[in-house]
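Peer 1: Model the following, please.
(one chain, ligands or ions: 1)
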Amino acid sequence: MALAASFKRYLPWTQTPLIINAPMSGVATSDLAVAVTRAGGLGQIGFMDNMRALSSQLETVRHELQDLMASLSDPQQLPIGVGVIVYGSPLGDWMQLFATYKPAVAWLSFASTEDLRVWTEAIRYSSPATKVWIQLGCVRDALDVAKACHPDAMVLQGSDAGGHGLAKGASIISLIPEVADALEELEIKDIPLIAAGGIVDGRGSAAALALGASGVVMGTRFLAATEARIPNVYRDAILQASDGGEATARSRIFDEIWGPNFWPQKYDGRCLRNKFYDQHMAGVPINNIRSWLSSVMNSEEEKGEAKELMGQDMGSIWAGTGVGLIKRLGNAGDFVREVREDTGKRLTRATLSL
Ligand SMILES: Cc1cc2nc3c(=O)[nH]c(=O)nc-3n(C[C@H](O)[C@H](O)[C@H](O)COP(=O)(O)O)c2cc1C
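Peer 2: Got it, this is the predicted structure:
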């Protein structure tokens, strides 16, 4: 927890405990980032491979947060984070973007240690004020990255997390303490650990802090925020889901049904279970599912059927096991304030009960 204080130095508008929205590709756009930062968290924009579209999002943030930026010691710095799926991304274009917008945080994920090292050095050169956070899913990767990149923070993504992640992972319950112990053994004491995966409320957040995290990331919880860019049919599926371990599943099938899966073998993803996942688990080969899908998508007669199935049955709705706890739509700023306040109450209650 002592390392949590380091965030205040470069994220001075934030409050403790630090609440962060995951940079969810396609979902976390400027609306969500602005709302979370305004509520005293770290708002983030998710990965986009179209640099022009991303620049336009960053311009919107710059416009909407100009009052906050004017109060910072570096008024050119954008008080948000930007997510990069490093695997396959063009380094030069990204460095130009970071040099222009100087986001407070660059969140890197999904790459080899060597690529992460190259990106970390490039960001520190192109935009020295930008802090590098790296999301990882296992102890070995965390140690390799700590030694090779010495990032400003490591986000430990547990297996409960929604979206892509390591196929062979552990929940944050064991991941955070094991990484913390291993770092201590190496005498690396200045990299704060941030928890991600399954946290949707003050109880999960308090537990993460008790495990040794210095901040808390939520992705799935913000899928129920009015500021998230998400089709209504997906949002309804999130609100209706219960029993998160049953309602979601980790698999590569969610990427494979639409065609070749470009994700490296070590990654899969957690999604709401859908019709195709169930069919595949029952033995239907992936090629049969793909042919059926393609015939439905291309046939005029069957378009009605496709539309009906478009929700939970057909779409890949990335969501974590915490989905069962999400029962209402709300504003992202309220979510941040509620979780922050409840975290304090939960920790106090737990301490008093000892
Ligand atoms: C819809 C969705 C999209 C995501 N997209 C990304 C992404 O583009 N880059 C990334 O590093 N993580 C992504 N993630 C994973 C998050 O960074 C984070 O690990 C996860 O949301 C935490 O677990 P939770 O969803 O249970 O809160 C995504 C997660 C979700 C739910």
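
Peer 1: Please make it C-alpha for all contacts and neighbour counts, starting now.
Peer 2: Will do.

Peer 1: domain ranges for the protein?
Peer 2: Domain assignment for the chain by automatic domain parsing gives 4-230+327-352, 242-314.

Peer 1: Of the ones you listed, which stretch is the most buried?
Peer 2: Across the domains of the chain, averaging neighbours per residue (mean count of other C-alpha atoms under 10 Å) puts domain 4-230+327-352 on top, at a mean of 20.

Peer 1: Enumerate the residues of the stretch 101-250 of the chain near the ligand.
Peer 2: Within the stretch 101-250 of the chain, the positions near the ligand by C-alpha under 6 Å from any ligand atom are 109, 157, 160-164, 196-199, 218-220.

Peer 1: what's the most distant pair in those residues?
Peer 2: Greatest spacing in those, by C-alpha to C-alpha: 109 and 199 (19.0 Å).

Peer 1: returning to that earlier point: out of the domains of the chain, which is closest to residue 321?
Peer 2: Across the domains of the chain (criterion: C-alpha to C-alpha), the nearest stretch is domain 242-314, sitting at 4.1 Å.

Peer 1: Centre of the chain to the closest one, how far?
Peer 2: 22 Å (C-alpha atoms, centre = their mean, to the nearest Å).

Peer 1: And stretch 75-89, by the same measure?
Peer 2: On C-alpha atoms, centre = their mean, the centre of stretch 75-89 falls 13 Å from the chain's centre.

Peer 1: Would you mind pulling the contact partners of it?
Peer 2: 11, 23-25, 33-34, 37, 42-49, 61-62, 65, 69, 101-111, 115-116, 129 (C-alpha atoms under 8 Å, 6 or more residues apart in numbering).

Peer 1: before we move on, back to that, mean pLDDT for the domains of the chain: which is lowest?
Peer 2: Note on those: domain 242-314 shows the lowest mean pLDDT, a mean of 85.

Peer 1: separation between residue 251 and residue 272?
Peer 2: Counting by C-alpha to C-alpha, to the nearest Å, the gap from residue 251 to residue 272 is 11 Å.

Peer 1: nope, residue 175 is what I was after
Peer 2: From residue 175 to residue 272 the distance is 23 Å (C-alpha to C-alpha).

Peer 1: Redo the domains of the chain as JSON lines? Include distance to residue 236.
Peer 2: As requested, these are arranged in JSON lines below (distance: least, C-alpha to C-alpha, whole Å):
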{"stretch": "domain 4-230+327-352", "distance to residue 236": "9"}
{"stretch": "domain 242-314", "distance to residue 236": "9"}
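
Peer 1: In contact with residue 154, which residues?
Peer 2: So residue 154 contacts 133, 134, 135, 136, 142, 191, 192, 193, 194 (C-alpha under 8 Å, 6+ apart).

Peer 1: again, but for residue 122
Peer 2: Neighbours of residue 122 in contact, by C-alpha under 8 Å, 6+ apart: residue 95.

Peer 1: Which of the three states applies to it?
Peer 2: State at residue 122, reduced to three classes by DSSP: H, G, I helix; E, B strand; the rest coil: helix.

Peer 1: now residue 108
Peer 2: Recorded secondary structure, residue 108: strand (three-state DSSP).
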